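S.K.: Sharing a model that was predicted from the sequence below.
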Amino acid sequence: MKNNQLLKLWAVILILGFVLVCNISLAATTPQIKINNNSSSTKIRKVTLSLFGTIDIRKMIISNKVDFSGAKWESFVSSKIWYLDYGNGTKTVYIKYKDKKGKISEIYKDTILLNAPTNMNVDFEIKSDSEDKDGLKQTNKRYINLKITWSDGVEKMRISNTSDFSNSEWIWVDNNISWTLLPDSGEKTVYIEFKDANEGVKVVSKKVNYNQPKHYIPEGSLLKGQSSTVYYLGYDGNVHPFFNGAIYHSWFSNFNEIKYVSNIKLSEYKIGSPVCIRPGTWLVKFSGSPSVYAVEFGCQLKLIRSEGEAVILYGSRWMDRILELDMILKSFYSITYPEILENGIDKDKDGISKEIEDDYGTSDSSKDSDSDGLSDYEEIYYWFSDPNDKDSDGDTFDDGLEVSRGYSPVGVKKMITIDEGTYEYPDGTILFAKDIYFLVYDGGGFKYISQKISDERFSSNKFQTKFLVKPEVNIPFSYSTSNMVGKAESKIIKPQIRTKKGSLINL
């Protein structure tokens with residue numbers, strides 16, 4: 001009797017175990033989305049999405065709107081930082097997946113309660129040389145530092161020398177920000193407008209007295225002493241060298257603006273970090289390293305994954321754009337890897353987790369496991385080719401060679417258009433497409449410049465025709481003529497430097 005009861009008990013345990021394993025397996029293969037690991041609420045709009053798809057998932061599209069308006073297909077990753085819509089209340093994030101055959105899934109979603117604080121406590125302090133008897137800050141430098149404090153829920157700010165915040169852009173809040181006062185001696189006012197997760201705003205202002213030095217050379221001047229080096233006089237009061245003529249000519253096409261000074265005058269200034277290459281001009285390679293990078297705003301370098309990608313972005317003569325720099329200059333740039341994983345194991349930093357590499361049998365120590373000239377990432381997510389076979393379609397041509405010659409690695413037709421959600425032009429690119437000149441800006445957005453090179457918006461921003469990109473293969477994009485480049489946009493034209501400690505200075 002006892003034996004029968006024991007057998008029945010074991011049978012129940014085995015059945016329950018089988019059901020549990022099936023449920024776990026089903027959960028692992030059923031696409032879904034989780035916000036903040038299934039948390040019920042959050043005090044900030046910034047959340048982490050955990051994304052689950054079947055092994056053949058290649059693309060995803062995410063939105064705060066059920067109709068996915070304005071959203072774009074992108075390569076699948078298992079984790080992604082996301083921002084909820086403004087305003088307290090229940091928020092829903094929607095996702096659809098696309099597999100390697102192009103089949104689109106149903107809509108999956110998850111919800112979370114946004115419960116951001118409604119009170120906003122914000123302030124800032126101007127760091128200065130001294131104070132007068134009335135407590136007014138005093139400085140003899142236009143380049144000042146601001147120390148900023150804010151309460152939970154405050155997300156963005158914009159800074160201005162005028163109360164109307166003209167030409168000011170919203171940025172994420174930061175503890176320490178460098179700012180440039182208006183020229184000429186006198187009392188100056190700095191304004192900061194803050195915005196919280198409920199889209200509430202609050203303006204705080206502070207005053208400082210600027211004492212402009214005598215025999216003043218304006219910041220932004222190009223200076224040259226008796227040596228061959230040209231310097232940029234930054235708003236930090238330091239002179240910043242152009243490491244070579246190619247870097248100089250990425251910003252300025254001629255020497256007309258140079259002010260010649262004696263070495264004695266030049267020695268009055270402290271020498272700062274070198275000027276970075278202007279975004280959208282040269283591609284960068286450092287001596288002793290095979291990697292090639294595109295330069296983006298903020299002295300950032302974006303890795304070019306392969307020769308195939310370089311041809312698609314810059315044309316068959318892309319190698320003419322490469323500028324090789326001394327390895328010592330690498331420390332003055334920050335490197336961003338496209339689609340880099342926000343968590344998980346990814347030793348070769350190719351944007352593919354070790355788990356997915358194991359599924360495909362590719363190496364997590366090499367960006368191009370089959371050495372065919374296309375990265376594993378491009379093969380898995382863009383072309384749906386075999387990352388372990390140099391010749392996916394068996395036509396005797398390596399996959400990378402086919403792409404670089406304008407053919408698909410899994411087909412026979414000449415490429416005319418690349419799939420949406422694959423390759424993107426780096427920020428700073430000057431693109432001539434649809435008979436219009438565009439500036440690629442702010443994470444793949446497109447700013448309308450002009451229809452003619454002779455238009456003032458083109459010349460005032462010192463855009464140069466030799467760095468224009470004229471696509472040989474079409475990459476789909478949309479634009480609005482209301483999103484337009486201004487005349488001599490300061491954020492675009494001002495050279496930038498990055499210190500070895502990593503802080504960015506907009507000169």
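M.R.: Nice, I can see it. Numbers count the residues shown, from 1 in each chain.
S.K.: which residues does the closest residue to P117 other than its chain neighbours contact?
M.R.: Of all residues not flanking P117 in the chain, G153 sits nearest, at 4.3 Å (C-beta to C-beta, 6 or more residues apart in numbering). (Glycine included, C-beta is placed from N, CA and C.) Residues in contact with G153 (C-beta atoms under 8 Å, 6 or more residues apart in numbering) are 43-44, 116-118, 120, 196-198.
S.K.: Please repeat the previous calculation with a cut-off of 10 Å.
M.R.: With contact set as C-beta atoms under 10 Å, 6 or more residues apart in numbering, G153 has these partners: 43-45, 88, 114-121, 195-198, 200.
S.K.: Take those and keep only those in strands.
M.R.: The strands, defined by DSSP state E, take in 114, 195-196 from those.
S.K.: ok, so of the residues you listed, who is nearest G428?
M.R.: K195 (26.6 Å; C-beta to C-beta).
S.K.: Just give me how far the strand or helix carrying R457 sits from the chain centre.
M.R.: Secondary structure assigned from DSSP states H and E places R457 in helix 456-460. Relative to its parent chain, helix 456-460 has a centroid offset of 25 Å by C-alpha atoms, centre = their mean, to the nearest Å.
S.K.: quick one, phi/psi of V403?
M.R.: phi -60, psi -40 (degrees, to the nearest 10).
S.K.: Please disregard the earlier target; I meant Y377.
M.R.: According to degrees, to the nearest 10, Y377 has phi -60, psi -50.
S.K.: unless I'm mixing things up, it is touching P387, no?
M.R.: Yes. If you go by C-beta atoms under 10 Å, Y377 and P387 touch, sitting 8.7 Å apart.
S.K.: So for those two, which residues contact both of them?
M.R.: With C-beta under 10 Å, 6+ apart, Y377 and P387 have common neighbours 352, 362, 368.
S.K.: isn't the second one right up against S353?
M.R.: No. In this structure T362 lies outside contact range of S353 using C-beta under 10 Å: 11.1 Å.
S.K.: So which of the two has more stuff around it?
M.R.: T362 (25 against 18; other C-beta atoms under 10 Å).
S.K.: How about the contacts made by that one?
M.R.: 348, 350, 352, 354, 356, 368-370, 376-377, 379-380, 386-388.
S.K.: Nearest to A310 among those residues?
M.R.: Using C-beta to C-beta, those come closest to A310 at D368, 13.5 Å.
S.K.: Spit out the contact partners of the closest one.
M.R.: 305-306, 348, 350, 362, 374-379, 387, 390, 399-400.
S.K.: out of these, which one sits closest to Q451?
M.R.: R305 (32.5 Å).
S.K.: Can you give me the domain assignment for the protein?
M.R.: If you go by automatic domain parsing, the domain ranges for the chain are 1-30, 31-114, 122-210, 222-272.
S.K.: now these as JSON lines including mean pLDDT and distance to R498?
M.R.: Shown next, in JSON lines, are the domains of the chain (pLDDT from 0 to 100; distance: least, C-beta to C-beta, whole Å):
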{"stretch": "domain 1-30", "mean pLDDT": "53", "distance to R498": "43"}
{"stretch": "domain 31-114", "mean pLDDT": "90", "distance to R498": "23"}
{"stretch": "domain 122-210", "mean pLDDT": "90", "distance to R498": "12"}
{"stretch": "domain 222-272", "mean pLDDT": "92", "distance to R498": "11"}
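S.K.: got CSV for these, with distance to S454 too?
M.R.: Shown next, in CSV, are those (distance: least, C-beta to C-beta, whole Å):
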stretch, distance to S454
domain 1-30, 58
domain 31-114, 33
domain 122-210, 24
domain 222-272, 15
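S.K.: and of the ones you listed, who's closest to S480?
M.R.: domain 31-114 (11.8 Å).
S.K.: So which of the contacts of D368 wins on neighbours?
M.R.: Most crowded among the contacts of D368, counting by other C-beta under 10 Å, is L374 at 31 neighbours.
S.K.: what about that one, which helix or strand?
M.R.: Applying DSSP H and E, one finds L374 in no helix or strand.
S.K.: What residues does the closest residue to it other than its chain neighbours make contact with?
M.R.: Once flanking residues are discounted, L374 sits nearest to G400: 4.4 Å by C-beta to C-beta, 6+ apart. The contact partners of G400, taken as C-beta under 10 Å, 6+ apart, are 306-309, 311, 368, 370-375, 378-379, 385, 390, 409.
S.K.: phi, psi of G400?
M.R.: Torsion angles, degrees, to the nearest 10, at G400: phi -60, psi -40.
S.K.: gap between it and S250?
M.R.: 29 Å (C-beta to C-beta, to the nearest Å).
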